[in-house]
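Undergrad: Predicted model follows, preceded by the sequence.
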Amino acid sequence: DQQVKQNSPSLSVQEGRISILNCDYTNSMFDYFLWYKKYPAEGPTFLISISSIKDKNEDGRFTVFLNKSAKHLSLHIVPSQPGDSAVYFCAASANNAGNMLTFGGGTRLMVKP
Amino acid sequence: DTEVTQTPKHLVMGMTNKKSLKCEQHMGHRAMYWYKQKAKKPPELMFVYSYEKLSINESVPSRFSPECPNSSLLNLHLHALQPEDSALYLCASSQDHLVTDEKLFFGSGTQLSVL
């Protein structure tokens, strides 16, 4: 049973517009959430994270929103750039499990010029 | 230096071969991880080393044998692999695996093909 789900396998967005990537989780013990970006044949690169005590974290063009009651988080990228085209993984960890990350299935973002 | 370096980048091996994957970090991290990623799937945890001791083994077959010679190095010894073991093998590190609110730093991975 997948504890972290990214229901959209792909997303296509025009350059300059907003990209919204979604992630749902089922394990109520998760209290730290991360987004990683991955290019083909490379390792995931950390993008942004959020602790469960917050509902929003912003870093430049990237903002992550957390809705604990809905067990849902989203990553907003604005404005989107062609270089943002990659696979984005949502990941979660639980306080009692240290840094053992559970990853979602990933969403492939394509930003068209 | 915020890099995790993995070698080799690509590896092709037969089912009777013995090979090793290597991972190195110089960030002073005390936790190191091996993940396996199949195509179009998320990374899956294999092993966690904490302070050079094997802390977690996610029921990985014995044909995969991890080793942590020192706090900066992590190896994965491969023997008698199957074609279904072909995948991208990712190494990662973090300050301490028992501390949450920390991000993992990943290497670029070794793309392994078993013939």
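TA: Here it is on my side, so go on. These figures come from a predicted structure and were not determined experimentally. Numbering: from 1, shown residues only, chains lettered A, B, ... in the order given.
Undergrad: only C-alpha atoms for contact and neighbour calcs from this point on.
TA: OK.
Undergrad: ok now the helix or strand of chain A with the lowest mean pLDDT, how far from the chain's centre?
TA: Confidence across the helices and strands of chain A bottoms out at strand A:102-103, with a mean of 92, counting by mean pLDDT, DSSP states H and E. How far strand A:102-103 lies from its chain's middle: 11 Å, per CA atoms, centre = their mean, to the nearest Å.
Undergrad: Just give the number of residues close to A:Glu42.
TA: 17 (other CA atoms under 10 Å in any protein chain shown).
Undergrad: nope, A:Ser69 is what I was after
TA: 7.
Undergrad: ok, now B:Tyr33?
TA: The tally of other residues near B:Tyr33 (other CA under 10 Å) stands at 27.
Undergrad: who does it bridge with?
TA: Using DSSP bridges, the beta-bridge partners of B:Tyr33 come out as B:Val48, B:Ala92.
Undergrad: partners of A:Val4 in the sheet?
TA: A:Tyr25.
Undergrad: That one against A:Gly106, yeah?
TA: No - contact criterion CA atoms under 8 Å: A:Val4 and A:Gly106 do not qualify, at 9.9 Å.
Undergrad: list residues touching both of those two?
TA: A:Cys90 (CA atoms under 8 Å, 6 or more residues apart in numbering or on different chains).
Undergrad: Against chain B, how distant is A:Leu75?
TA: 17 Å (CA to the nearest CA, to the nearest Å).
Undergrad: do the same with A:Thr102
TA: In terms of CA to the nearest CA, A:Thr102 sits 8 Å off from chain B.
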